[in-house]
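Trainee: quick one, fold the following:
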Amino acid sequence: MIAPQNVEKTLQAPVTAIVAHDLRFYDELPRLFPHVDARSWFVGNEPLVDATAFRNGSLQGAYLILAARALGLDAGPMSGFDNEKVDREFFPDRQLRSNFLVNLGYGDRSRLHARNPRLSFEEAARVL
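Mentor: Now for the predicted structure:
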């Protein structure tokens, strides 16, 4: 289910979170976004549902990582796993879909990799 290079890290982590998105998120819109009939924008529009659920779920996963790190935890996000198997095991009703995993805990500093190089702002972004 997990790629070989991620097995040991995952077994050592006290917690592994599955960041997933809900394909029926729009059912909550009448309560969470009540000033307009936003639910009707999504019902029957599968491409819009998929894109919106994936995007917003990704953002929520990023917030989880930021919050964990702000609390002093190490967070190791990964995409090296079999989404289909995870979904079958943990989300059999298929309403939720896994996006990525996050190992949470306190890493062994002697075994952590140094931060990889990053692109400069000018290399990574274009201001229009």
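Trainee: got a list of contacts for the longest helix seen in the chain?
Mentor: Longest helix of the chain, by residue count under DSSP state H: helix 46-70. Residues outside helix 46-70 that contact it (Cβ atoms under 8 Å, 6 or more residues apart in numbering): 17, 19-23, 25-26, 41-42, 74-75, 77, 97, 99-100, 102, 104. For the C-beta atoms, the positions are set from N, CA and C on the backbone; glycine is no exception.
Trainee: just the buried subset of the residues you listed, please.
Mentor: With burial judged by 16 or more other Cβ atoms under 10 Å, the buried subset of the contacts of helix 46-70 is 17, 19-23, 25-26, 42, 75, 77, 97, 99-100, 102, 104.
Trainee: what is the nearest of those to residue 85?
Mentor: residue 97 (12.5 Å; Cβ to Cβ).
Trainee: how near is that closest one to residue 59?
Mentor: 15 Å (Cβ to Cβ, to the nearest Å).
Trainee: circling back: and the contacts of helix 46-70, which of them are in helices?
Mentor: Those of those mapping onto helices are 41, 42, per DSSP H.
Trainee: if we can go back for a sec, chain center to the longest helix of the chain, what's the gap?
Mentor: A distance of 6 Å separates the centroid of the chain from that of helix 46-70, by Cα atoms, centre = their mean, to the nearest Å.
Trainee: renumber starting at 827 from here on
Mentor: All right, first residue 827 from here; so that's helix 872-896.
Trainee: go through it and flag the buried ones.
Mentor: For helix 872-896, by 16+ other Cβ under 10 Å, it's 875, 878, 879, 883, 887, 890, 891, 894.
Trainee: please name the nearest non-neighbouring residue to the third one.
Mentor: The one in question is residue 879. Distances taken as Cβ to Cβ, 6 or more residues apart in numbering place residue 847 nearest to residue 879, at 4.0 Å, with adjacent residues excluded.
Trainee: who's in contact with that neighbour?
Mentor: So residue 847 contacts 879, 880, 882, 883, 884, 922, 923, 925 (Cβ under 8 Å, 6+ apart).
Trainee: of the buried residues of helix 872-896, which is the nearest to residue 837?
Mentor: Nearest to residue 837 among the buried residues of helix 872-896: residue 894, at 18.9 Å, using Cβ to Cβ.
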